[in-house]
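>>> coords below, sequence missing:
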């Protein structure tokens, strides 16, 4: 719970809360279970109590819009080479000491939210620029779930896919409601010990595992995972092997796993960056544990960026970071050499968007323009 108070103003009604007997309201969005009095904000800072109800303060307000390659989310098996319209707001329901987007996710400065846009504005702009999908990203979409869900509805009306880039830390009912609107997700599996989660994120591991199991076993959402490897914190051979074996056993061998490189930031500026050799080692351990698609991220490593056929080891999508150098998959996602099916969402490939990043501004009720 934040000590700062809500300023008077018009806020969007929130979902997933109930009244307690002591003049408090409990937020039921995530396992933090913030119990708030009138005027108080939750731990995410963007949800609070106003007028006797839970409200969202960032609905319709963004920290910025960009068109990215879908590989940047990272998603390597969700319409590779396509462009994705990306945006976030402010706030986060975790307290990661190693946050790589802390200026947005940890922000308590509403002035950072410089762009106003309705869900329909976002969908219309994404359509104008030919984006295959829209990503709720930069900060975590869980605190702005209502805004993300309404935007997802607007996108689906225009045939645009939706993607959540998230920590997966949600309660069961909110999880069901939220992912009913999503076509794909990249979920951060930040480590595989509760000690890491508690000490470095202020959360717990099990709710994240519950989200992952739910997505694979009870939805059609395409799932990929990212683990940021931090030297001395979650990069031991034993932990990587345990994490990989859990994925293989509980989620299956076809869920792609991205090992990403940490760089010193936020409250862990004294920790050295992840050596590329650590990512290569982690990938080898995960492949040996039986995962079919394992990638390295935030480094140039062509082998670690490439999608290989798990049956014959033919390189099918050759990448260098976010750049696709060669694409050999059939239109329906099969290996042209041995005809094995490749897990993912694929379509006819007509060239890649590339590694470019295009900032976009949105003017309400009309399409945006590149800055």
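Ah, there it is. Computed from a predicted structure; not experimentally measured.
>>> And the closest residue in space to residue 140 that isn't next to it in sequence, how far from residue 313?
In space, residue 140 comes closest to residue 92 once its chain neighbours are excluded; the distance is 4.9 Å by CB to CB, 6 or more residues apart in numbering. (Glycine included, C-beta is placed from N, CA and C.) From residue 92 across to residue 313, the span is 39 Å (CB to CB, to the nearest Å).
>>> how about the closest residue to residue 321 other than its chain neighbours, secondary structure?
For residue 321, the nearest residue in space outside its immediate sequence neighbours is residue 300; the separation is 5.9 Å by CB to CB, 6+ apart. State at residue 300, reduced to three classes by DSSP: H, G, I helix; E, B strand; the rest coil: coil.
>>> The residue nearest to residue 140 touches residue 139, doesn't it?
Yes: contact between residue 92 and residue 139 holds when scored by CB atoms under 8 Å: they sit 5.4 Å apart.
>>> Compare the two and say which one has the larger neighbour count.
It is residue 139, of residue 92 and residue 139, that has more neighbours when counted by other CB atoms under 10 Å, with 30 against 27.
>>> Break down the stretch 101-250 of the chain into its helices, ranges please.
Secondary structure of the stretch 101-250 of the chain (DSSP state H, counting those that start in this stretch): helices at 102-105, 119-128, 145-157, 172-179, 194-201, 206-218, 237-246.
>>> show me where pLDDT drops low in this structure?
For the chain, the stretches with pLDDT under 70 are 1-4, 8-9, 101-114, 363-371.
>>> longest strand of it?
Counting residues, the longest strand in the chain under DSSP state E turns out to be strand 222-229.
>>> what's the angle from it to helix 172-179?
Note on geometry: by axes from the mean of the first three to the mean of the last three CA atoms, to 10 degrees, strand 222-229 and helix 172-179 are set 110 degrees apart in direction.
>>> Pairing partners for strand 222-229, with directions?
Sheet pairing of strand 222-229 (DSSP bridges) gives strand 184-188 (parallel), strand 257-261 (parallel).
>>> Relative to residue 288, how far out is the one residue sitting closest to the centre of the chain?
With distances taken as CA atoms, centre = their mean, the chain has residue 165 as the residue nearest its mean C-alpha position (1.1 Å). Distance, residue 165 to residue 288, by CB to CB: 28 Å.
>>> Also residue 314?
When CB to CB is the yardstick, residue 314 and residue 288 sit 20 Å from each other.
>>> One more: residue 362?
With distances taken as CB to CB, residue 362 is found 46 Å from residue 288.
>>> Between the two, point out the one with more neighbours.
Just comparing residue 362 and residue 288: by other CB under 10 Å the higher neighbour count belongs to residue 362, 22 against 12.
>>> Neighbouring strands of the helix or strand containing the more buried one in the sheet, and parallel or not?
With elements taken from DSSP states H and E, the one containing residue 362 is strand 358-363. Paired neighbours of strand 358-363 in the sheet (DSSP bridges): strand 64-69 (antiparallel), strand 366-370 (antiparallel).
>>> With that, I have no additional questions.
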